[in-house]
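show me the folded form of this:
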Amino acid sequence: MPTVKANNYEMYYEIDDFTDPWKQAEPLWIQHGFGRSLRFWYHWVPPLAGKYRVIRRDMRGHGQSADPGADYVWSVDDLLNDMKGFLDALGIDKVHYVGESVGGILGVAFAVRWPERFKSLTLCATPTAIYPHIQEKFAVGHKDWYTALGTLGPAGWVKALMEQGGGVAVGEAKSPRLEWILNEWGKTRTHVLQGLCRLVPSVNITPLLPQVKVPTLVLAPESSPLTPLTEQVLIRDSIPGARIAVIAGRGHEIYLDNAEGCIATLLSFLRSLQ
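So this is what the prediction gives:
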């Protein structure tokens, strides 16, 4: 099982590289968001791994990365140092980074702190913050987001969120695909998401956006209930030289609903940097 220890923490990752072996493949890192894992990006690997060395990593406490424990106090510094330590452990100097939602929020902060480590930054359905009205939506009728997670568990919480028209696979009827999504969500421990949900609302990357100096692509969901198109345009306008592509989809999860559109746009963007 491929793991590395960095920042005093054990992380699980997978690398797929089907590029010509006599060539030096550029690394492309895909980072999932809140409550997910690298497995959610399985369908991105085939169209990308023939052109790039595709790296997927389970964020702290997610997927097969180590559980930091119920008493762990989550911090942005730890999450960013996990990322830097991960690159250092793999001996990677610079990488094309694709971050989804919270993974994109972390990507912006990382790009400001260590711009020399990113060849490019792609933000997929990335909000600038989890604002109070979104936190209220995430409570799905409970006292607050934390309580909802504790009462329903990760899979029950995301199912309730879907039923009220938010989050993953909006409008999807019961299907094998939906059952797989809920099963994967259920693999993350409740205390991990509760701990992270206490940190996320305090984070707002808006002041950081003008400081991003790496080539940036915004993959903007056409109709996300969590990050409206106006916010996505704000991100594009705030990052010097950033580009935007509006991706059609039923909701926030454009990397699932319209992977083909996201990947085609990403590849076009990366080719333009060569």
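
in terms of pLDDT, where does residue 34 sit?
Looking at residue 34, its pLDDT is 95.

ramachandran angles for the residue nearest to it when sequence neighbours are not counted?
With C-beta to C-beta, 6 or more residues apart in numbering as the criterion, residue 34 has its nearest non-adjacent residue at 4.5 Å, and that residue is residue 102. No exception for glycine: its C-beta is placed from N, CA and C like everyone else's. Backbone geometry at residue 102, expressed as degrees, to the nearest 10, gives phi -60, psi -30.

next: residue 56.
Summarising the backbone geometry of residue 56 under the convention degrees, to the nearest 10, its torsions are phi -120, psi 140.

look up how far residue 7 lies from it.
According to C-beta to C-beta, to the nearest Å, residue 56 and residue 7 sit 18 Å apart.

give the burial count for the residue nearest to residue 186 when sequence neighbours are not counted, as a bare number.
For residue 186, ignoring the flanking residues on the chain, the nearest one in space by C-beta to C-beta, 6+ apart is residue 155 at 3.5 Å. For residue 155, the number of neighbouring residues by other C-beta atoms under 10 Å comes to 18.

check contacts around residue 155.
The neighbourhood of residue 155, defined by C-beta atoms under 8 Å, 6 or more residues apart in numbering, consists of 182-183, 185-186.

tell me how far it lies from residue 4.
Counting by C-beta to C-beta, the separation of residue 155 from residue 4 is 28 Å.

mean confidence score for the host helix or strand of residue 160?
Applying DSSP states H and E as the criterion places residue 160 in helix 145-163. This predicted structure assigns helix 145-163 an average pLDDT of 94.

can you pull the contacts of the closest residue to residue 65 other than its chain neighbours?
What sits nearest to residue 65 in space, not counting adjacent residues and going by C-beta to C-beta, 6+ apart, is residue 58, at 4.0 Å. For residue 58, the contacting residues are 11-13, 32, 37-38, 64-65, taking C-beta under 8 Å, 6+ apart as the criterion.

narrow those to those in strands?
When strands are assigned by DSSP state E, the members of the contacts of residue 58 inside them are 11-13.

kindly reformat the residues you listed as CSV containing pLDDT, distance to residue 175 and neighbour count.
Converted to CSV, the ones in strands among the contacts of residue 58 look like this (pLDDT from 0 to 100; distance: C-beta to C-beta, whole Å; neighbours: other C-beta atoms under 10 Å):
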residue, pLDDT, distance to residue 175, neighbour count
11, 97, 32, 24
12, 98, 28, 19
13, 98, 29, 20
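
which among these gets closest to residue 266?
When the ones in strands among the contacts of residue 58 are compared for distance to residue 266, the smallest value, 19.8 Å, is given by residue 13; criterion: C-beta to C-beta.

tell me what that closest one is bridged to.
Residue 13 has these beta-bridge partners by DSSP bridges: residue 57.

ok, now which ones touch it?
Contacts here follow C-beta under 8 Å, 6+ apart; on that basis residue 13 touches 2-4, 38, 55-58, 86, 90.
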